[in-house]
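Turn this into a model:
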Amino acid sequence: MTTSPMFIPSAVTLLLLAAPAPALSQSSSTLPRQADRMVPGTLMFSEAEERLYLERFEKGRAGLRSSPSEAYDPQEPVPGDPDWRPLPQADAGRRTIAPEALAAARDYAAANNSSAFIVWRDGLIEDEAYFGGHAREMPVTSMSLAKPVTTVAVGRAIALGKIKSLDQPVADFITEWQGDPRRSKILVRHILDMRTGYLPQALAPDPTDILNRAYLHPRHDEIIVREYPVVDEPGTRYEYNNATSELAAILIERATGRRYGEFISTEIWKKLGALGGAVWVNRPGGMAHSGCCLMVPAESFLRLAMLFIDDGRWNGQRLLPDGYTATAITPTKENRFYGLGVYVASNYTDRRGAANPDRKVPMTLHGEPYLASDLYLFDGNANQVVYIIPSQRLIVLRTGSAPPRGQGQEWDNAKLPNLVLAGIKGGLGATKSQPR
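All right, here's what the predicted structure looks like:
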């Protein structure tokens with residue numbers, strides 16, 4: 001799902017930090033565009049806001065932003081459960097995965113710049129390790145692990161009656177789109193499955209490029225709503241772009257009347273008994289980024305995966321609509337590898353990525369088929385992955401920096417889950433109980 005770095009060499013790539021973001025061969029200014037009613041560059045902002053935008057852009061281009069505290073300024077707290085307790089651990093007698101398999105998977109994570117490695121099976125942590133000075137309660141830079149959070153946020157808003165369904169027009173909330181021949185056709189589901197018709201991600205070395213302004217500007221939400229080009233009929237084509245996922249925060253705030261950070265704090269992390277953290281906002285009191293830029297501990301993403309594996313229930317309480325997660329892991333015909341903010345195994349191919357499969361861009365190695373056909377995953381830039389295998393009630397998580405490359409070394413996106421799956425005692429036929 002992840003690809004080669006963009007033009008900015010920084011460890012925190014400001015333009016496409018949310019990734020996995022495919023490095024397309026053209027710049028966005030040269031990609032063919034169909035006629036669009038809303039013309040980029042029509043909004044006017046203050047000199048101070050434009051100056052701040054250019055400062056952010058130049059720091060990213062110079063590679064000067066190298067830590068989350070520098071790259072995500074300002075931040076808004078996203079509190080977790082004040083009564084948080086670690087998830088229960090399996091003792092030696094209750095482990096269902098061979099120790100040598102867990103050790104091999106842990107070693108693979110350790111050798112690939114990981115910060116956290118966790119294996120959970122049917123209610124118990126079977127292995128957990130942290131590297132490079134990282135610890136269980138330390139936030140990780142989520143990259144596109146934030147995108148499945150938007151899926152859960154929308155599902156929770158539907159469960160609360162704030163959004164009617166995945167097929168409700170977004171223009172019911174972003175009323176600026178009413179009457180627009182294209183934007184009025186964007187449905188809630190299109191924000192999650194990357195079928196808004198928005199201009200796809202691409203290389204963008206020019207500070208005037210809409211891709212940069214839609215990410216780094218202190219009023220990026222207004223740019224995304226009013227200026228970001230729609231180049232395809234909504235619902236007809238999958239195209240990866242971060243602006244689409246950034247719409248989720250705008251949708252949630254308008255549908256619920258609540259701050260995005262407060263909503264995911266109260267309705268997701270606290271409900272899951274999870275640790276919280278912070279989210280980047282474009283300016284003090286402004287709009288949160290939802291396609292990226294969420295900092296919470298790795299264990300919180302594990303709990304999000306547990307919610308998926310139990311069909312949207314937590315400790316017997318239904319948080320998401322019945323069948324919502326099944327819909328989320330069902331790919332569209334426009335991309336057989338992508339559902340609603342999550343990637344699915346689908347038919348085997350040795351290379352796959354975040355871009356439309358038709359695009360000739362760098363893709364991530366899959367050295368062999370996944371050993372479980374029902375596997376799906378959360379995936380973010382730097383090969384941050386949460387593999388979910390419902391048939392085995394198994395979750396395998398790895399977060400961290402980009403794995404090393406060169407001299408024959410390359411991250412294999414199938415290796416980590418397959419090492420664990422191959423070590424299940426009794427074989428894969430020893431299926432765990434179905435979701436409770």
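
In contact with Thr196, which residues?
Listed by CB atoms under 8 Å, 6 or more residues apart in numbering, the contact set of Thr196 reads 186, 190, 230, 234, 244, 247. C-betas here are computed from N, CA, C, even on glycine.

Swap in 6 Å and give it another go.
186, 190, 234, 244 (CB atoms under 6 Å, 6 or more residues apart in numbering).

Quick check: chain neighbours aside, which residue is closest to the second one?
For His190, the nearest residue in space outside its immediate sequence neighbours is Thr196; the separation is 4.7 Å by CB to CB, 6 or more residues apart in numbering.

quick one: secondary structure of the one you found?
The three-state label given to Thr196 by DSSP: H, G, I helix; E, B strand; the rest coil is coil.

start to end distance for stretch 140-153?
20 Å (CA to CA, to the nearest Å).

Check stretch 377-394 too.
This stretch, stretch 377-394, spans 12 Å end to end (CA to CA).

Likewise for stretch 281-288?
End-to-end distance for stretch 281-288, by CA to CA: 4 Å.

do the same with stretch 276-294
Start-to-end span of stretch 276-294 (CA to CA) is 10 Å.

Also stretch 199-218?
End-to-end distance of stretch 199-218 (CA to CA): 20 Å.

Skipping its backbone neighbours, what lies nearest Trp120 in space?
Excluding the flanking residues, the one nearest Trp120 by CB to CB, 6+ apart is Ile395, at 4.4 Å.

State the phi and psi torsions of the one you found.
Backbone geometry at Ile395, expressed as degrees, to the nearest 10, gives phi -130, psi 130.

Show me the beta-bridge partners of it.
Under DSSP bridges, the beta-bridge partners of Ile395 are Trp120, Ile388.

Can you show me the helices along this structure?
For the chain, applying DSSP state H gives helices covering 47-61, 68-71, 99-110, 146-159, 188-193, 210-216, 220-226, 242-256, 260-264, 298-309, 324-328, 415-422.

can you tell me which of those comes nearest to Leu166?
helix 188-193 (3.9 Å; CB to CB).

With just CA atoms, put the closest one into PDB.
Taking C-alpha atoms only, helix 188-193 is exported to PDB below (Å, rounded to 0.1, in the frame of the first residue of the first chain):
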ATOM      1  CA  VAL A 188     -21.000   9.800   2.200                       C
ATOM      2  CA  ARG A 189     -19.600   6.400   1.100                       C
ATOM      3  CA  HIS A 190     -17.500   8.100  -1.600                       C
ATOM      4  CA  ILE A 191     -15.500  10.000   1.100                       C
ATOM      5  CA  LEU A 192     -14.500   6.600   2.500                       C
ATOM      6  CA  ASP A 193     -14.000   4.500  -0.600                       C
END
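
Return the list of helices and strands in contact with it.
When contacts are defined as 3 or more CB pairs under 6 Å, 6 or more residues apart in numbering; DSSP states H and E, helix 188-193 packs onto helix 242-256.

try it again with 10 Å
In terms of contacts (3 or more CB pairs under 10 Å, 6 or more residues apart in numbering; DSSP states H and E), helix 188-193 is packed against helix 146-159, helix 242-256, helix 324-328.

okay if I get these as CSV plus mean neighbour count, mean pLDDT and distance to Ser346?
Listed next are those as CSV, based on neighbours: other CB atoms under 10 Å; pLDDT from 0 to 100; distance: least, CB to CB, whole Å:
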stretch, mean neighbour count, mean pLDDT, distance to Ser346
helix 146-159, 25, 98, 17
helix 242-256, 24, 98, 21
helix 324-328, 21, 98, 15
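
which ones are touching Ser401?
When contacts are counted by CB atoms under 10 Å, 6 or more residues apart in numbering, Ser401 touches 11, 112-115, 132, 141, 381-384.

thinking again about what came up before, just flag the most distant two among the contacts of Thr196.
Pro234 and Thr244 (10.4 Å).
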